[in-house]
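Asks: Following is a predicted model, sequence given first.
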Amino acid sequence: MGGFAATAVFVAGLVACSDDSGSDAAPAGSPSAPSGPPAAPGTPPGGSAAPSAAPTAPGVPSVTVAGDVVTGLDSPWGIAPLPDGDTLVTSRDTGTVSRFGPGTNGVVEVGRVPGSEHRGEGGLLGLALSPGFAQDGWVYFFTTTADDNRILRMKYARDTGLTSPEVLLTGIPAGTNHDGGRIAFGPDGMLYAGTGEANDKPLAQDVGSLGGKILRLTPDGKPAPGNPFPDSPVYSLGHRNVQGLAWDSAGRLWASEFGQNKFDEINLITPGANYGWPEVEGRAGNPKYVDPLIEWPTDEASPSGIAIVDDVIYVACLKGSRVWQVPIEGTRLGTATSVLQGTYGRLRTVLPAPGGGGLWVSTSNTDGRGTVRDGDDRILDVKLG
């Protein structure tokens, strides 16, 4: 078990990005990778600094690094805290699901997702617990197979681990890049999924394709009632690669999106709306498409997971090696602050910490694109002040 750390910038509007902003993204340490500030004094080779606070914009909480929640993970992607105090985490590259926490000695494998196949950015990606998990035991997964990306669910119990899968949705386009993969249950009890266009750009504008979309499903995997397109799980279209989904206090859905070479985005999602890819990247001012509310140059973000705490959006960035902290101000976004910049490498998933008061942020340095630090990959414990 083990560590954590933090930095700032701008923007108001809505934004776009891929697993590193385009499949041609430079590896860490190349001339085009962000430099970031030097590590804090006393930071060990593993990258874990002493608890520290980062400067933030007015009206948003300070960020204090408290330490590691867990260390020694292999390509972690989805994270789901359990009611008993332990946590499940997926490994993108191995297709395994593991458990860690106060009731577990170390990190313990609890099962594998059959058919999961790691290819490039694909593999075992997002997971989500059923809203009724305490009663039904369902755990939902988004995974890449030899033929497609798909959503399935498996029963989980501490004494038996994961049981056989029930496949809910197949046929989501898969590729070595732009697989999306985030799944989450919304306030309405429906399952939402962010997908990528799998390097086939026209799919994002094709309502008949599941690629380049945000999907909305019932817990049984059927198109959810009230979806904008009849008998279709498609909820919004024109996306390049969605890996972050979160809801604010008003129940509105926000999503992070990887751009190609220009801009990464944060978007406010409305049913049936078209977010423009591949016709536009970033803001276009074209009434046919919805503009992002904030955008960053792709080397400053590559946004994967997002979380919302007290109506502040936190965006975990891969190539940008930071978390963006952005307050929601009605139908706009306020000034963005960059925290945890450059200290821990690539950051994949961010979620509200169990019990409140902060965040958990996972690194993604063992995914083949990062510089592995001692103890990687880890989940960091961040306090909000």
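Replies: Ah, there it is. Residues are numbered from 1 along each chain as shown.

Asks: need the strands for the stretch 151-300 of the chain, in chain order.
Replies: 161-162, 166-172, 183-185, 191-194, 214-217, 234-236, 242-247, 253-257, 263-269, 294-297 (DSSP state E, counting those that start in this stretch).

Asks: and the second one, what's its mean pLDDT?
Replies: Translated: strand 166-172. Averaging pLDDT along strand 166-172 gives 98.

Asks: list the buried ones in that strand?
Replies: Buried residues in strand 166-172, counted by 16 or more other Cβ atoms under 10 Å: L168, L169, I172. Any C-beta I mention is one placed from the backbone N, CA and C, and that applies to glycine too.

Asks: who does it touch, helix- and strand-wise?
Replies: strand 149-157, strand 214-217 (3 or more Cβ pairs under 8 Å, 6 or more residues apart in numbering; DSSP states H and E).

Asks: Show me the contact partners of that strand.
Replies: 140, 147-154, 180, 193, 195, 210-211, 215, 217, 220-221, 233 (Cβ atoms under 8 Å, 6 or more residues apart in numbering).

Asks: Please look at I379 and S362 and confirm they touch.
Replies: Yes. Using Cβ atoms under 8 Å, I379 is in contact with S362, at 4.8 Å.

Asks: what touches both of those two?
Replies: With Cβ under 8 Å, 6+ apart as the test, I379 and S362 both reach L73, P76, I79, V89.

Asks: Could I get the contacting residues of the first one?
Replies: By that I understand L73. Counted by Cβ under 8 Å, 6+ apart, L73 has contacts V89, S91, S98, V107, S362, T366, D376, D377, R378, I379.

Asks: do the last one as well
Replies: With contacts taken as Cβ under 8 Å, 6+ apart, V89 has the following neighbours: 73, 76-80, 97-100, 107, 362, 379.

Asks: Within its sheet, name the partner strands of whichever strand or helix holds T143 and how each one runs.
Replies: Using DSSP states H and E, T143 maps to strand 138-144. Strand 138-144 has the following strand partners under DSSP bridges: strand 124-129 (antiparallel), strand 149-157 (antiparallel).

Asks: What residues does N199 make contact with?
Replies: S23, G175, T176, N177, H178.

Asks: Give me the pLDDT for the closest residue to the third one other than its chain neighbours.
Replies: Using Cβ to Cβ, 6 or more residues apart in numbering and skipping residues adjacent in sequence, the residue nearest T176 is G120, 3.0 Å away. pLDDT for G120: 96.

Asks: separation between G120 and D179?
Replies: Distance, G120 to D179, using Cβ to Cβ, to the nearest Å: 8 Å.

Asks: out of those two, which sits in the more crowded spot?
Replies: Comparing G120 with D179 by other Cβ atoms under 10 Å, the one with more neighbours is D179, at 31 against 16.

Asks: okay but the more buried one is in contact with D148, surely?
Replies: No. In this structure D179 lies outside contact range of D148 using Cβ under 8 Å: 10.1 Å.

Asks: tell me the most buried of the strands paired with strand 138-144?
Replies: Mean neighbour count (mean count of other Cβ atoms under 10 Å) peaks for strand 124-129 among the strands paired with strand 138-144, with a mean of 24.

Asks: got the angle between it and strand 242-247?
Replies: Here the directions of strand 124-129 and strand 242-247 differ by 10 degrees (axes from the mean of the first three to the mean of the last three Cα atoms, to 10 degrees).

Asks: quick check: mean pLDDT across strand 124-129?
Replies: On average, strand 124-129 scores 98.

Asks: again with stretch 326-335
Replies: For stretch 326-335, the per-residue pLDDT averages 95.

Asks: likewise stretch 295-311?
Replies: On average, stretch 295-311 scores 97.

Asks: Buried residues in it, which are they?
Replies: Buried-residue list, stretch 295-311, by 16+ other Cβ under 10 Å: 295-309.

Asks: tally of neighbours for V207?
Replies: With other Cβ under 10 Å as criterion, V207 counts 12.

Asks: residue contacts, it?
Replies: F229, S232, V234, L237.

Asks: One more: N274?
Replies: Q205, S236, L237, G238, K288, Y289, V290 are the contacts of N274 under Cβ under 8 Å, 6+ apart.

Asks: need the contact list for Q325.
Replies: Q325 touches T56, A57, V60, V63, V312, I313, Y314, V315, A336, T337, S338, V339, counting by Cβ under 8 Å, 6+ apart.

Asks: Which strand or helix spans it?
Replies: strand 323-329.

Asks: okay, the shared contacts of I379 and S362 in a markdown table with distance to W247 and secondary structure next?
Replies: Output for these, formatted as a markdown table (distance: Cβ to Cβ, whole Å; DSSP: H, G, I helix; E, B strand; the rest coil):
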| residue | distance to W247 | secondary structure |
| --- | --- | --- |
| L73 | 26 | coil |
| P76 | 23 | strand |
| I79 | 17 | strand |
| V89 | 22 | strand |
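
Asks: now for those, which pair is the farthest apart?
Replies: The largest separation in the shared contacts of I379 and S362, counting by Cβ to Cβ, is between L73 and I79 at 9.6 Å.

Asks: residues shared between the contacts of those two?
Replies: Shared contacts of L73 and I79, counting by Cβ under 8 Å, 6+ apart, come down to V89, S362, I379.

Asks: how far away is the first one from T96?
Replies: In other words, V89. 9 Å.

Asks: same question, the last one
Replies: Separation of I379 from T96 (Cβ to Cβ) stands at 16 Å.

Asks: So which of these two has more stuff around it?
Replies: I379 (27 against 19).

Asks: What distance do you get for that one to W296?
Replies: Counting by Cβ to Cβ - I379 and W296 are separated by 24 Å.
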